[in-house]
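**Student:** next comes the sequence, and after it the predicted model I'd like to discuss.
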Amino acid sequence: MKTTHRFYALAIAAFGMVASSCTDENNPDILGSGEVKIGMGVKLRSSAGNSGARLANTGLDINSGFLQVKKIELETEGVDEAGREFEKEMEFKFPEIKKINFDELDSNADFFIAIPAGNYEEVEVEIDLIDHKNQPSIQLEGTYTYTDGRSVPFRFELFGDDDDDIDFEVELEGEDDDDLFFLDKVNNPLALLQLDAKAWFSSISTSALDAAQLTNGVLLINRNTNRTIYRVVEDKIKASSEIELKMR
């Protein structure tokens, strides 16, 4: 399964991205070299803007989880100091698989991508996820409260495939398609990927969750357990792949 998500800075949809000045105070990984440090962060999104996602009309409360990053692919287009147009493609790998937890309230960058200062028409970042150490590419955790008041732990696992991994694609573009935007050591964007679990599970009914099979007391949803629910959520993730947000 290959899922591609496109983002254009400064808006919120099924996923969101925010652009602002960013620093490397927490010393996260820095990939590449250059004056511009594009911060990449991941967190859960809720309607209140806080970490975690309580789903309306259901007893499902999602408050933590992680994703695992295999590599970063970068494509840039722009105009250099001599007025010449350029296109560059680069690939970066972390020293080891990057596991990003999104169970905290802060919106700091989890890693940075460094590129040269300049006038850009487009900066495209592809984040390739991967299953690793028997853990899924994406995992969500929380609790489910039945209609009768009982509560059990909840876990959703999205596994990829060696031949067709899950990808997130982040694109920074100008207000108009042909506009250039300038990036330097002052203008460093922060791309915050907000995973909207509420949208992923929005079509799952309370009755379906009430009837779901438990595994050792956990409401587990993955490709092998509660597969009907899993396929619906998987389709929702695929359906969120065409989000276009503009940089301002």
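**Tutor:** Right, received. Where do you want to start?
**Student:** longest strand of the protein?
**Tutor:** Scanning the chain for the longest strand, with DSSP state E as the assignment, gives strand 60-79.
**Student:** what is that one packed up against?
**Tutor:** strand 36-44, strand 53-54, strand 85-101, strand 111-115, strand 118-129, strand 138-145, strand 151-158 (3 or more CB pairs under 8 Å, 6 or more residues apart in numbering; DSSP states H and E). All C-beta spots, glycine's among them, are computed from the backbone N, C-alpha and C.
**Student:** and with 6 Å instead?
**Tutor:** In terms of contacts (3 or more CB pairs under 6 Å, 6 or more residues apart in numbering; DSSP states H and E), strand 60-79 is packed against strand 85-101, strand 118-129, strand 138-145.
**Student:** I'd like to know which of those strands is closest to residue 41.
**Tutor:** Nearest to residue 41 among these is strand 85-101; the distance by CB to CB comes to 8.4 Å.
**Student:** dump the closest one to CSV, restricted to CA.
**Tutor:** In CSV, the C-alpha atoms belonging to strand 85-101 read as follows (Å, rounded to 0.1, in the frame of the first residue of the first chain):
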residue,chain,number,x,y,z
GLU,A,85,16.5,27.8,-12.9
PHE,A,86,17.5,24.6,-11.1
GLU,A,87,16.0,21.3,-10.0
LYS,A,88,17.6,19.1,-7.4
GLU,A,89,16.8,15.7,-6.0
MET,A,90,18.3,14.3,-2.8
GLU,A,91,17.8,11.3,-0.5
PHE,A,92,18.6,11.2,3.2
LYS,A,93,18.6,8.2,5.6
PHE,A,94,18.7,8.5,9.4
PRO,A,95,21.5,6.6,11.1
GLU,A,96,18.8,4.2,12.2
ILE,A,97,15.0,4.0,11.7
LYS,A,98,13.5,7.2,13.1
LYS,A,99,10.7,6.5,15.5
ILE,A,100,8.6,9.6,16.2
ASN,A,101,6.3,9.5,19.2
